[in-house]
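Visitor: Dropping a prediction and its sequence here:
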2 protein chains.
Amino acid sequence: MKYILLAASTLDGKIAKHDKHFTDWTSPEDKQHLHKIMDTCDIIIVGNNTYKTAIKPLSKRNCLVLSKSIKKLKQTNNNLVYINPENTNLKKYLTTQKYKTVCILGGTSIYSLALKNNMVDEIYLTIEPIIFGRGLNLFDINIKKRQFKLITSKKLNKLGSILLHYKK
Amino acid sequence: MKYILLAASTLDGKIAKHDKHFTDWTSPEDKQHLHKIMDTCDIIIVGNNTYKTAIKPLSKRNCLVLSKSIKKLKQTNNNLVYINPENTNLKKYLTTQKYKTVCILGGTSIYSLALKNNMVDEIYLTIEPIIFGRGLNLFDINIKKRQFKLITSKKLNKLGSILLHYKK
């Protein structure tokens, strides 16, 4: 199984201004890239807040929504499952489903959970040429320093949104 | 006067793990670039913590150290002045000194002060291909979103430290 972390951040490392803030600040070119990568994934893992802020594009996709307020696995329709990662073994569940490519879409707590559980093989990080000053971080977890390797970088538009592709 | 902000961050947007942590995690190629840019600057503005953690390379350069515990402007030798930005008009002081190129070297509170006071015309940001998970942010200040433009990007080494050059 391959885990791909997908994220966009400001040049000061923020993935949003606050919890309810998701996609209105990223470039159209980043959104295009995002959907292109999601097309290659069997399942998208996303937190409940992130799912709610992007429910329209995500409702068409196969999603696994992580929420700490869910008592047990809940399948609401063909392409939407809710899981509480505190009472369900997430990696075991993904294995039983025979997924090959898993996309980690955030937010902070889901990215952190993935990093903690060695569920980050690749990272696609788009850096938008803006500054928020304060906001939500990509990760919020105490770990030892993790080394990645930059595979490619690609300037996406005139203002200079840049897409960085990392591997473990 | 031109203000250049110089910084290195992890791919998760951290400039250090903690206050005393400065330069041991950045690449040699970033350090080379840093010194090349500093060579072009008339003065380097730096916080007291950052100055202490990099006192050896910085003591050879013309430095303005910002500290809130300094009562009044203190010149300790030919190339070292301490100023408290809360009781001295920093921009006025820089103008009277006739500096043309000013380098903002950090840490977080100095970068934030510069951003707040429109003292950021250019940014050189090196993104190292590592993750800290938690640490110090580039900025820590409530501002409206600021737009920059990416001028160039340059891969500095095999692991993929990448140098991003932004302008206002």
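Guide: Now that the structure is in, tell me what you want to look at.
Visitor: My reading is that A:Ile105 is in a helix; is that accurate?
Guide: Check again: residue A:105 is Leu, not Ile. No - using DSSP: H, G, I helix; E, B strand; the rest coil, the assignment for A:Leu105 is strand, not a helix.
Visitor: got a list of what the closest residue to it other than its chain neighbours touches?
Guide: Spatially, and ignoring its direct neighbours in sequence, A:Leu105 is nearest to A:Val46 (4.5 Å; CB to CB, 6 or more residues apart in numbering or on different chains). The way it works is simple: take the backbone N, C-alpha and C, and place the C-beta from them, glycine included. By CB atoms under 8 Å, 6 or more residues apart in numbering or on different chains, A:Val46 lies in contact with A:54, A:58, A:63-66, A:105-106, A:110.
Visitor: Can you flag which of those residues belong to helices?
Guide: Taking DSSP state H, the ones among the contacts of A:Val46 that sit in helices are A:58, A:110.
Visitor: and the residue nearest to A:Leu105, what pLDDT?
Guide: At A:Val46, the model reports a pLDDT of 97.
Visitor: Quick check: the gap between it and B:Ala7.
Guide: Counting by CB to CB, to the nearest Å, the gap from A:Val46 to B:Ala7 is 31 Å.
Visitor: and if you look at A:Thr26?
Guide: According to CB to CB, A:Thr26 stands 22 Å off from B:Ala7.
Visitor: Check A:Pro85 too.
Guide: To B:Ala7, A:Pro85 is 34 Å away according to CB to CB.
Visitor: My guess is A:Leu94 contacts A:Lys2. True?
Guide: No - contact criterion CB atoms under 8 Å: A:Leu94 and A:Lys2 do not qualify, at 11.0 Å.
Visitor: which residues does the closest residue to A:Ala16 other than its chain neighbours contact?
Guide: Sequence neighbours aside, A:Leu136 is the residue nearest to A:Ala16 in space, at 4.6 Å (criterion: CB to CB, 6+ apart). Neighbour list for A:Leu136: A:14-19, A:21, A:107-108 [criterion: CB under 8 Å, 6+ apart].
Visitor: Closest to A:Leu159 out of those residues?
Guide: Nearest to A:Leu159, judged by CB to CB, of the contacts of A:Leu136 is A:Lys14 at 17.1 Å.
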